[in-house]
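K.L.:
Quick one: sequence and predicted model below, then my questions.
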Amino acid sequence: MAKGSRAAFRDQAQGFGLLSDPTRLGILSLLAKGPKNVTALCKALGSKQPAVSHHLGLLRMGRLVVGTRQGKCVLYTTDKANLKALASALAKMMPK
C-alpha cells in the first residue's frame with residue numbers, strides 16, 4: 001500500500017466513523033435540506049443544545065459541515081465536496 005493511499009484511507013475512515021452515529025446522520029440529513037442553526041437542529045432532532053453542538057463540532061472538524069456566522073447565530077450547511085468525495089470513495093469499493 002502506497003504511503004499516499006494510507007493517508008487517504010485514514011481520512012476516509014475518519015469520515016465513515018463520523019457517519020456511524022445516528023445523531024450525526026440526522027444532522028446531515030437535515031442540513032441536506034438547507035442551512036440550519038443549532039436551535040433548529042435541536043428542535044428537529046429532539047436533542048439538547050450541548051449534544052447537538054458537540055456533534056456539529058465533530059462534523060466540522062471532519063470537514064463534513066461548514067458553519068457560517070450570520071449576526072449572533074451560526075448557520076450550518078453540509079460540505080458537499082467532502083461528502084461527495086466520501087461517497088465516491090465508497091462507490092469505488094463496489095464490485096463492477
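P.N.:
Yes, it's here.

K.L.:
Please write out the alpha-carbon positions of stretch 80-96 in CSV.
P.N.:
This file holds the C-alpha atoms of stretch 80-96, laid out as CSV (Å, rounded to 0.1, in the frame of the first residue of the first chain):
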residue,chain,number,x,y,z
LYS,A,80,-20.8,19.0,-0.4
ALA,A,81,-17.3,18.5,-1.8
ASN,A,82,-16.1,16.4,1.1
LEU,A,83,-19.4,14.4,1.3
LYS,A,84,-19.1,13.7,-2.4
ALA,A,85,-15.5,12.6,-2.0
LEU,A,86,-16.5,10.2,0.7
ALA,A,87,-19.4,8.8,-1.4
SER,A,88,-17.0,8.4,-4.3
ALA,A,89,-14.5,6.5,-2.2
LEU,A,90,-17.3,4.1,-1.1
ALA,A,91,-18.5,3.7,-4.7
LYS,A,92,-15.0,2.7,-5.8
MET,A,93,-15.2,-0.2,-3.4
MET,A,94,-18.2,-1.7,-5.1
PRO,A,95,-17.6,-4.6,-7.5
LYS,A,96,-18.3,-3.8,-11.1
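
K.L.:
From the rest of the structure, what touches it?
P.N.:
With CB atoms under 8 Å, 6 or more residues apart in numbering as the test, stretch 80-96 has contacts from 8, 12, 15, 16, 19, 28, 63, 64. Any C-beta I mention is one placed from the backbone N, CA and C, and that applies to glycine too.

K.L.:
Which elements pack onto the helix or strand encompassing residue 57?
P.N.:
Following DSSP states H and E, one finds residue 57 within helix 49-61. Applying 3 or more CB pairs under 8 Å, 6 or more residues apart in numbering; DSSP states H and E, one finds that helix 49-61 contacts helix 22-31, helix 38-45, strand 65-70.

K.L.:
Which residue is the nearest non-sequential neighbour of residue 65?
P.N.:
In space, and not counting its chain neighbours, residue 65 is closest to residue 59: 4.3 Å by CB to CB, 6 or more residues apart in numbering.
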